[in-house]
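*Asks:* What would the 3D arrangement of this be:
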Amino acid sequence: MSKIEFIIELPSTKEQLMPVITDYESYSTYLPDQLKNVRILEKNGHEIVTQEEIFFSNILKKPFLQKSSHKLIDSKTHESRIISGPANGSTLIIFFDDIDNGTKITVNIDLKLSLKAKFLLPLIKKWYKRIFTNLLYHINNVAMTNIKK
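*Replies:* This is a model prediction of the structure:
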């Protein structure tokens, strides 16, 4: 339906970032205004299913729930699929590439919205990019803090 792509460079290595990016339950501490709660519902080998309580305060007055499936495809690729909620069927793929001063992260989002939510597409596209950029900066900060410990 709608593609969102962006690149960000972070000073942490992908080895430092991976344990933090897969700590899904901590996401709500990084983005408390948007993610009210993240719970792990199921772990199946390399796949983890979470339920997120999301608050999109600019438009909606109440939070909504969605379920997502997350997995590491290989040592440099992380994939999340939304399996229920208004963005059901959306995918988010994050590629981690080593660079001289850290990691280049490429984010590819294929956003699919329910019929009720389609009119919000321009706002949601901006929101997704902003939220995932903020999330990656927070993850980087945690990874950098973990190095110093």
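*Asks:* what's the spacing between the residue nearest to V49 when sequence neighbours are not counted and S28?
*Replies:* Once flanking residues are discounted, V49 sits nearest to E42: 4.2 Å by Cβ to Cβ, 6 or more residues apart in numbering. The C-beta positions use only the backbone N, C-alpha and C, and glycine is treated the same way. Distance of E42 to S28, given as Cβ to Cβ, to the nearest Å: 18 Å.
*Asks:* The two: which is more packed in?
*Replies:* S28 (18 against 11; other Cβ atoms under 10 Å).
*Asks:* what helix or strand is the more buried one on?
*Replies:* helix 27-30 (DSSP states H and E).
*Asks:* Could you point out the helix or strand that follows that helix?
*Replies:* Defined by DSSP H and E, the subsequent element after helix 27-30 is strand 35-44.
*Asks:* Can you show me the strands along the protein?
*Replies:* 2-10, 35-44, 47-54, 64-74, 77-84, 91-99, 102-111 (DSSP state E).
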